[in-house]
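**Q** Turn this into a structure:
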Amino acid sequence: MALWPAALVGVAACGESAPAVGGARIADVAMAPSAAGTASTADVDRSADRSEDRSTVGNVGVAALARAAGGADGTVYTVGAVPTPGVIIGHVGGGAPRDTSITPTHNLGVCRPFSESIVASRDGGVGNAVVWLMGVSRGPRDTAPRRVKLTLDGCRLAPRVQRAARGSTIMISGRDAMLSRLQFTAAGESASRTTVLLSDAGQMVPTGDATSAPGLVQVTDDMHPWVRAWIVVGPHPFVAITEADGRFRFDGVPPGRYTLVTWHERFGIKTSTVRVDGAVQTRVAVEF
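**A** Model (predicted):
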């Protein structure tokens, strides 16, 4: 049984530049909706640990985030001024909002049934989608936070998806009086980057190992398979997590042609080619 759409429809070509708005021209790029259906909630929940197998288009998968910068190996990014940069303004939509019902099977004194919306949605948008550019080698400094929080409370991790700077510290807070063993594993890597043990309510454990290199890092609990979260560590600043309205924006983009990658844990992955011109606002629409 297919767990993600078996095929993704291609991307519409870039249109002609639209009239100037506020002194800047605007170009539009549209992404066509997927022709296949989406996975059921049960399928996704049972197999989330195989996300890399289910989340590829062509040769681009979620592991590509680790090598989304410039250079032959995709790891070169230099902080510096960009003459006449462009802007990307995007919207991710098309995914129907739907709650996931979780019924824990053990530690029932702490882990009670709950519903969780992993497709935060408002005004037709898709939230918690991760969007990034491939092939950016120069630009502004990454402003992702260097200290983030991850909380285990009521047998669930929050926030579900968040950005963190490379080398940042994750403060893990355990509010449940039970034993948990959290694994931080990046897409495309076979071994966990670090393991964090929690056992007491009120426990706080810092770690920097999970953010030691760029990548999409999945957090799981060996003892509670329904516990899950993602830490997004970008190789450059052109990485975003959409809000519930599905919107994102990249400022200061060097002119050039890039691959734009959009990933969501429920819907999979999509890619398109985006051309950025100096002093141009390029609008991108992604439909799952």
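**Q** use CA for all of it now, contacts and neighbours both
**A** OK.
**Q** tell me the strands in the stretch 51-200 of the chain, going along the chain?
**A** 56-57, 60-61, 78-79, 86-93, 99-102, 114-117, 130-134, 138-139, 147-152, 157-158, 161-164, 169-174, 180-186, 194-198 (DSSP state E, counting those that start in this stretch).
**Q** Go through these and pick out the most buried.
**A** Ranked by mean neighbour count under mean count of other C-alpha atoms under 10 Å, the strands of the stretch 51-200 of the chain are led by strand 130-134, which reaches a mean of 25.
**Q** Report the angle between it and strand 86-93.
**A** Angle of strand 130-134 versus strand 86-93, following axes from the mean of the first three to the mean of the last three C-alpha atoms, to 10 degrees, is 140 degrees.
**Q** for strand 130-134, packing partners?
**A** strand 239-241, strand 256-264 (3 or more C-alpha pairs under 8 Å, 6 or more residues apart in numbering; DSSP states H and E).
**Q** Show the subsequent helix or strand relative to the longest one.
**A** Per DSSP states H and E, the first helix or strand lying C-terminal to strand 256-264 is strand 268-276.
**Q** how about residue 230, secondary structure?
**A** Assigned with DSSP: H, G, I helix; E, B strand; the rest coil, residue 230 falls in the strand class.
**Q** Would you mind listing the residues in contact with the nearest residue to residue 183 once chain neighbours are set aside?
**A** Sequence neighbours aside, residue 195 is the residue nearest to residue 183 in space, at 4.8 Å (criterion: C-alpha to C-alpha, 6 or more residues apart in numbering). Neighbouring residues of residue 195 by C-alpha atoms under 8 Å, 6 or more residues apart in numbering: 181-184.
**Q** what's the answer for residue 209, then?
**A** Applying C-alpha under 8 Å, 6+ apart, the residues contacting residue 209 are 167, 193-194.
**Q** if we can go back for a sec, so which of the strands of the stretch 51-200 of the chain comes closest to residue 223?
**A** The minimum distance between residue 223 and the strands of the stretch 51-200 of the chain falls on strand 180-186, with 6.0 Å, by C-alpha to C-alpha.
**Q** if we can go back for a sec, list just the nearest of the contacts of residue 209 to residue 266.
**A** residue 193 (23.8 Å).
**Q** these two touch, right, that closest one and residue 185?
**A** Yes. Assessed by C-alpha atoms under 8 Å, residue 193 is found in contact with residue 185 at 5.6 Å.
**Q** Mutual contacts of the two, please.
**A** By C-alpha under 8 Å, 6+ apart, the residues touching both residue 193 and residue 185 are residue 210.
**Q** Can you give me every residue that contacts residue 259?
**A** 133-135, 271-274.
**Q** That one - nearest residue in space that isn't next to it in sequence?
**A** Nearest to residue 259 is residue 273, by C-alpha to C-alpha, 6+ apart, at 4.6 Å.
**Q** I'd like the distance between that neighbour and residue 262.
**A** 12 Å (C-alpha to C-alpha, to the nearest Å).
**Q** Between the two, tell me which one has more neighbours.
**A** Comparing residue 273 with residue 262 by neighbour count (other C-alpha atoms under 10 Å), the higher total belongs to residue 262, at 26 against 18.
**Q** Let me see the contact set for that one.
**A** So residue 262 contacts 129-132, 269-271, 286 (C-alpha under 8 Å, 6+ apart).
**Q** How about residue 138?
**A** Applying C-alpha under 8 Å, 6+ apart, the residues contacting residue 138 are 70, 77-80, 82, 254.
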